[in-house]
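Q: Pasting a predicted model and its sequence here:
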Amino acid sequence: EEIEAYVGTTSINGTDENAVKVNVTRVIPHPLFNPMILDFDVAVLELARPLVFNKYIQPVCLPLAMQKFPVGKKCLISGWGDLQEGNGPEILQKASVGIIEQNTCNFLYNFSLTDRMICAGFMEGMVDSCQGDSGGPLACEVTPGMFYLAGIVSWGFGCAQAMRPGVYSRITKLTDWILDTISQS
C-alpha cells in the first residue's frame, strides 16, 4: 500500500499552504523489533525525494550514542494523538514532559523496560503522549534552538495516568543502526 508523508504542516490532513506531500518508498523496521515487548521500536522511512528545508521544514538532530538526557530535563512531545482517551485533534499538539529516572520507571512497569527505552512525563500524570502519537518525537533542546531526538513515542498504560509515564524508544541506543541504515539506502 502507498504511504504518504506530510511535512511542514500542523494540520493532520496537510491542508495548510506550507504542507509538502512526499511519498514514502520504503519502510525499514529494526531487524530486532519485538512486537510483544516493543523492544527496538524504530523504523527508517525512505522518501521518494529529498526534503527542502525552510522555515516550516527542519530536521531534528540525532544524538550521539554517549549523549545523556538528564532526569527532570523538560522535553517536547508533539502529535495528533487523542487529547483525552478517545478523541483526536485536527491541529498538531505539543506538550512539555520531564525525563524520568530509568529504575523508577522500570519499577512502575513491573521491570518490563529494556535499555532501548526511556520514560518521560510526570508522576502525577496530567501530561502525556496518547493513542495516535506513536512514532512522534520526544525532542530535547540541548542548546538554544538545537533540538535532539531523545525518544520516539512507543507505549504506555492509558494516557496521562498517575505513576504511568510514557515510554519512548531511546534513540541514543539506536543511533548507530539509524545511521548505518541511512548510509546503505
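A: Cool, got the structure. Numbers count the residues shown, from 1 in each chain.
Q: quick one: Pro165 and Phe122 touch, right?
A: Yes. Contact status for Pro165 versus Phe122: in contact at 7.2 Å, counting by Cβ atoms under 8 Å. No exception for glycine: its C-beta is placed from N, CA and C like everyone else's.
Q: Name the residue in the two with the higher neighbour count.
A: Higher neighbour count among Pro165 and Phe122: Pro165, with 28 against 17, using other Cβ atoms under 10 Å.
Q: Let me see the contact set for the more buried one.
A: Val97, Ile100, Cys105, Leu108, Cys119, Ala120, Gly121, Phe122, Met123, Asp128, Gly156 (Cβ atoms under 8 Å, 6 or more residues apart in numbering).
Q: Just the residues you listed: which are in strands?
A: Val97, Ile100, Cys119, Ala120, Gly121 (DSSP state E).
Q: What pLDDT is listed against the first one?
A: At Val97, the model reports a pLDDT of 97.
Q: what's the neighbour count on Leu83?
A: 14.
Q: measure it to Pro89 for me?
A: The gap separating Leu83 from Pro89 is 6 Å, by Cβ to Cβ, to the nearest Å.
Q: would you list the ones in strands among the contacts of Pro165 in a markdown table and tack on neighbour count and distance to Gly79?
A: Below are the ones in strands among the contacts of Pro165 laid out as a markdown table (neighbours: other Cβ atoms under 10 Å; distance: Cβ to Cβ, whole Å):
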| residue | neighbour count | distance to Gly79 |
| --- | --- | --- |
| Val97 | 24 | 12 |
| Ile100 | 21 | 19 |
| Cys119 | 26 | 17 |
| Ala120 | 29 | 13 |
| Gly121 | 28 | 14 |
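Q: what about this protein, any weak spots by pLDDT?
A: Across the chain, residues meeting the criterion (pLDDT under 70) sit at 85-86, 185.
Q: Helix, strand, or coil at Ile182?
A: helix (DSSP: H, G, I helix; E, B strand; the rest coil).
Q: Report the contact partners of it.
A: Val44.
Q: now do Lys74
A: Applying Cβ under 8 Å, 6+ apart, the residues near Lys74 are Ser96, Val97, Gly98, Cys140.
Q: List the beta-bridge partners for it.
A: On the basis of DSSP bridges, Lys74 is bridged to Gly98.
Q: Would you mind measuring from it to Ala139?
A: For Lys74 relative to Ala139 (Cβ to Cβ), the value is 11 Å.
Q: Convert the C-alpha atoms of stretch 113-122 to PDB, please.
A: What follows is stretch 113-122, C-alpha atoms only, in PDB (Å, rounded to 0.1, in the frame of the first residue of the first chain):
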ATOM      1  CA  LEU A 113      11.700  -1.900  30.300                       C
ATOM      2  CA  THR A 114      14.800  -2.600  28.200                       C
ATOM      3  CA  ASP A 115      17.900  -0.400  27.600                       C
ATOM      4  CA  ARG A 116      16.300   0.700  24.400                       C
ATOM      5  CA  MET A 117      13.500   2.500  26.300                       C
ATOM      6  CA  ILE A 118      13.400   5.900  28.100                       C
ATOM      7  CA  CYS A 119      10.500   7.300  30.100                       C
ATOM      8  CA  ALA A 120       9.100  10.800  30.200                       C
ATOM      9  CA  GLY A 121       6.100  12.500  31.700                       C
ATOM     10  CA  PHE A 122       5.100  13.300  35.300                       C
END
